[in-house]
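>>> for reference, the sequence and a predicted model appear below.
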Amino acid sequence: MNIDWSCRVVEATELAATRGAGTRGERFRPYQRILRAQVRAQLSYRTSFWIDAVSGMTFTAMDLVTVLVLFNVTSVLGGFAFRDAFFMSAIASLSFSLADVIVGSIEQLRLIIRSGQLDSLLVRPLSLLPQLVSIDMQTRRVGRVLEGVAVLGVAAGLVHLRWSAQTVAMIILTPIAGAALFAAIFVMTATVAFWWIDSGEFGSGFTYGGRDFTNYPMTVYGQFFRRVFAIGLGFAFIAYYPALTMLGRADPLGLPDWAGWLSIPIAALACGAAGFVWRTGVRHYRSTGS
Amino acid sequence: MLPSITATAARRPADRSHIHLQTFVVLAKTGFRRYSTYRQATLAGIFTNTVFGFLRCYVMLAVASSAGGTVAGYGGAQLVSYVWVGQGMIATIGIWGDTELGSRIRTGAIVSDLLRPVPPVPAYLAADLGRAAFSLLTRFAAPVAVGAIAFDFYLPRRVATYPLGALSIVLAVIACFGCRYVVNAAAYWLLDGRGPQAAWSLACSVLGGLYFPLRFLPDWLATTLWIATPFPSLLQTPLDVISERSTGANAVGLVALQAVWAVAMVALAAAVQRRGEHRLVVQGG
């Protein structure tokens, strides 16, 4: 009975979403409205909003400060000097901030499923994922992205990049591909909630864990751990390999020097996988009935 | 309906001046039982703490090895124990704790706490100690065991370290409770507690010693943080005591400082609660 009902709702939603497609502008308008309402709602608690915005920016800075502090007690980390390691951290930090602003709030999914709110989103004639993302988009975190861009600029200056068309293309595309990979990880780990409502902090191990992992050169990690996170989940291609390619350095771990360009196909692959996992999850969804 | 509630709340404070030991123990037991029902979330939490344990451990070991084995007075094995005990402490003291009190204030559910014939701060403290005891058995023990198996882990060599370390953990739980209570109670004034929450989790993880041992900082800065803020008393002190980075009189001094902060933060929580009650306006009906 229950399953029947939720299936019909999903079909109806998809139908409505495709039918209501119309022009591009019309299609995005509802999400823009939701977003604007979000910003207004968040701004209405002014003190809290500003404390949160400032803390958020400081948080982002802290990953980089941590790298600085570590280099206060050592001159080399995993075979890399400060400048090179900082360059990698800056790429990682910007990629993560971008992903976090856009899809970070998806980690609330398990709470939304538990409280039964998901049902009310499913019956609306809009797609589910964009709705989920826009109902709690962390607009106050936009400052972090700007900060990330500035820091990457400084880091690129420190390492004296040899500017060529390739480098320019890469420094622009890398954070975008990195953000796409992080976003895919955010969506995939959140999807776990469709099967496992009490998954708690499980997802953070891969999302925030991934951020911390990419913050350092891959050479510092033990072999097994590196294989799982760096290659298996693709985190090495967010900052480490693109940085090596841009710096013109050989990989101590043995991949060729064009490995940095792999970030784009890997991100695309991850997004495809995330889309597949997400659709499977939504089809699997049964209301908690509350 | 509403006026009668207000009247009842106003009559009660005389009864709320103290809490019986028995009540305290019962509340602590309830806290323990409540958290022991969140089994799957506990497992998920252990998994995540363990992932971060590996991550931080490799980074710290890389720092130690390129700095020639010892860094800021920690040997490699001591850093391993620093990282893994730290991962266990996260849930035990509840750094990122829940925002339950804050949302109870925002929604007005706090009224039912104020109607109870026990003062709210000790009542919440009791429940939090029960929660911490459950976390100690699960979310502390499991990551520490993984760390001890996977790495060259430093076990305390002096007998005195064990009781002192245990005391230090208990004081950290109490101090952290006080801090979290104050942060949550900000909702009496701000309603939306997200801002203070974010500032708090930033301050305690960076200034507490979770991201890196504070001894990696210049001496004057580490000392200032230790004395002037409660944060190092939440993580850095217990971790230094247990990894024997601080021993003897030094360790005792740090734990004494921790005790001062624990008392100060709980007292502050009680004071903030009293002021907050005067601000509280429960809306709706």
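Yes, it's here.
>>> where does pLDDT dip in the chain?
This is for chain A. A:1-25, A:138-140, A:288-290 (pLDDT under 70).
>>> that answer is for a different chain, and I need it for chain B
Using pLDDT under 70, chain B drops low at B:1-17, B:283-285.
>>> the helix ranked longest in it - contacts with which helices or strands?
Determined from DSSP state H, the single longest helix within chain B is helix B:248-279. Packing contacts for helix B:248-279, counted by 3 or more Cβ pairs under 8 Å, 6 or more residues apart in numbering or on different chains; DSSP states H and E, involve helix B:120-135, helix B:161-185, helix B:187-190, helix B:219-228, helix B:236-242. In this view, the C-beta of every residue, glycine as well, is placed from N, C-alpha and C.
>>> same thing but at 6 Å, please
helix B:120-135, helix B:161-185, helix B:236-242 (3 or more Cβ pairs under 6 Å, 6 or more residues apart in numbering or on different chains; DSSP states H and E).
>>> looking at those, spot the one closest to residue A:90.
For residue A:90, the closest of those is helix B:236-242, at 27.7 Å, according to Cβ to Cβ.
>>> close to chain B, is the longest helix seen in chain A?
Counting by DSSP H, the longest helix found in chain A is helix A:165-195. No. Using Cβ under 6 Å from any Cβ of the partner chain, helix A:165-195 stays clear of chain B, coming no nearer than 9.3 Å.
>>> for that helix, what is the distance to the chain centroid?
Relative to its chain's centre, helix A:165-195 lies at 6 Å (Cα atoms, centre = their mean, to the nearest Å).
>>> buried ones in it?
A:167, A:170-171, A:173-175, A:177-194 (16 or more other Cβ atoms under 10 Å in any protein chain shown).
>>> same question, stretch B:247-260
Using 16+ other Cβ under 10 Å as the test for burial, stretch B:247-260 gives B:247, B:251, B:254, B:255, B:257, B:258, B:259.
>>> and what of stretch A:280-290?
For stretch A:280-290, by 16+ other Cβ under 10 Å, it's A:281, A:282, A:285.
>>> what's the following helix or strand after the longest helix of chain A?
Moving toward the C-terminus from helix A:165-195, the next helix or strand (DSSP states H and E) is helix A:204-214.
>>> so what touches stretch A:236-248?
A:87-88, A:91-92, A:95, A:161, A:167, A:170, A:174, A:178, A:181, A:214, A:218, A:230, A:251, A:257, A:259-260, A:262-263, A:266 (Cβ atoms under 6 Å, 6 or more residues apart in numbering or on different chains).
>>> how about a cut-off of 7 Å?
The contact list for stretch A:236-248, computed with Cβ atoms under 7 Å, 6 or more residues apart in numbering or on different chains, reads A:84, A:87-88, A:91-92, A:95, A:159, A:161, A:167, A:170-171, A:174, A:178, A:181, A:214, A:217-218, A:230, A:251, A:255, A:257-263, A:266.
>>> chain center to it: distance?
18 Å.
>>> all helices of chain A, in order?
Per DSSP H, chain A carries helices over the ranges A:2-19, A:24-43, A:46-73, A:82-103, A:109-114, A:117-122, A:128-135, A:142-158, A:165-195, A:204-214, A:223-226, A:240-247, A:263-284.
>>> any part of the fourth one near chain B?
No. Helix A:82-103 is not in contact with chain B by Cβ under 7 Å from any Cβ of the partner chain; minimum separation 10.5 Å.
>>> what are the contacting residues of that helix?
Under Cβ under 7 Å, 6+ apart, the answer for helix A:82-103 is A:60, A:63-64, A:67, A:71, A:77, A:133, A:138, A:141-142, A:144-145, A:148-149, A:151-152, A:155-156, A:158-159, A:174-175, A:178-179, A:182-183, A:186-187, A:211, A:214-217, A:238-240, A:242-243, A:247.
>>> over to the shortest one?
Helix A:223-226 is contacted from outside by A:218, B:54, B:58, using Cβ under 7 Å, 6+ apart.
>>> mind listing what's buried in that helix?
Quick answer for helix A:223-226 (16+ other Cβ under 10 Å): A:225, A:226.
>>> can I get it as PDB, trimmed to CA atoms?
What follows is helix A:223-226, C-alpha atoms only, in PDB (Å, rounded to 0.1, in the frame of the first residue of the first chain):
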ATOM      1  CA  GLN A 223      49.800   2.800   1.300                       C
ATOM      2  CA  PHE A 224      46.500   1.100   2.000                       C
ATOM      3  CA  PHE A 225      44.800   4.200   3.200                       C
ATOM      4  CA  ARG A 226      46.100   6.100   0.200                       C
END
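>>> circling back to that earlier point, redo the helices of chain A as a markdown table? Include distance to residue B:211.
Listed next are those as a markdown table, based on distance: least, Cβ to Cβ, whole Å:
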| stretch | distance to residue B:211 |
| --- | --- |
| helix A:2-19 | 43 |
| helix A:24-43 | 27 |
| helix A:46-73 | 5 |
| helix A:82-103 | 13 |
| helix A:109-114 | 27 |
| helix A:117-122 | 34 |
| helix A:128-135 | 29 |
| helix A:142-158 | 17 |
| helix A:165-195 | 20 |
| helix A:204-214 | 9 |
| helix A:223-226 | 19 |
| helix A:240-247 | 20 |
| helix A:263-284 | 26 |
